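> Make a model of this:
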Amino acid sequence: MTPRQDSPLYERDPQAWIRHLAEGNRTQPRKRVAAEVLAHDTAGRLLLVDPSYKPGWDIPGGMAEANEPPLHAARRELREELGLDLGRMALLCVDWVAPHGPWDDLLVFVFDGGVLTLEEAADVHPVDDEIADVGFFTHTEAQNRLRGDIWHRTQKALSARNSGCPTYTHNGHTA
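Predicted coordinates:
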């Protein structure tokens with residue numbers, strides 16, 4: 001069967017179609033992706049880290065590597081920075097962060113790390129020079145330690161955790 005002249009390019013010339021896709025991949029914008037994990041101790045306090053390379057405290061996590069799924073990035077960052085290996089983590093929030101300063105926009109995926117056992121919580125410590133300190137804080141204490149935009153995103157993720165319904169936000173606010 002010969003393809004019709006008006007048939008789509010992918011049917012008429014599969015190699016031309018591959019070249020077309022490659023060109024689109026080369027020229028279309030790329031998004032930076034970060035992954036964070038909300039984890040609590042049995043007292044309900046939130047796990048925070050104090051990165052050595054930037055001011056203020058943060059939620060554990062970090063940037064995804066090229067072609068790395070966000071969930072894998074979250075797990076990798078926890079292992080590399082805290083030696084923590086958590087099981088299944090559910091998605092709580094996807095936050096689109098607008099361009100700011102020298103940075104382009106960013107997608108932040110926030111996952112639920114659950115409640116750490118007493119033993120797990122007691123064993124959490126920095127295992128990488130990127131983390132200066134680590135601690136568990138009440139939500140009020142966390143709000144006072146986190147930048148406003150990070151706290152807004154964290155609040156939305158905590159609400160999603162309580163409701164069981166993941167959320168999508170812009171700069172930590174309902175879209």
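
> which residues pair with the most centrally placed residue in the chain across the strands?
Central residue of the chain (CA atoms, centre = their mean): Ala35, 1.6 Å from the mean position. Taking DSSP bridges as the rule, Ala35 bridges to Gly62, Phe109.

> Might you report the residue contacts of it?
Ala35 is in contact with 61-62, 64, 70-71, 73-74, 77, 108-111, counting by CB atoms under 8 Å, 6 or more residues apart in numbering. Any C-beta I mention is one placed from the backbone N, CA and C, and that applies to glycine too.

> Also Ala90?
For Ala90, the contact set (CB under 8 Å, 6+ apart) comprises 111-112, 166.

> now do Glu80
So Glu80 contacts 127-128 (CB under 8 Å, 6+ apart).

> List the buried residues for the helix or strand encompassing it?
Glu80 is part of helix 70-82, with elements assigned from DSSP states H and E. Buried residues in helix 70-82, defined by neighbour count with 16 or more other CB atoms under 10 Å: 70-71, 73-78, 81-82.

> tally of neighbours for the nearest residue to Gly44 once chain neighbours are set aside?
In this structure, Gly44 finds its nearest non-sequential neighbour in Thr138, 7.6 Å apart by CB to CB, 6 or more residues apart in numbering. By other CB atoms under 10 Å, 12 other residues sit near Thr138.

> Arg76 versus Thr138, what's the distance?
28 Å (CB to CB, to the nearest Å).

> Same question for Gly56.
To Arg76, Gly56 is 23 Å away according to CB to CB.

> what's the answer for Gln28, then?
Taken as CB to CB, the span from Gln28 to Arg76 is 26 Å.

> and what of Arg19?
Taking CB to CB as the measure, Arg19 falls 34 Å from Arg76.

> next one: Arg161
Counting by CB to CB, the gap from Arg161 to Arg76 is 22 Å.
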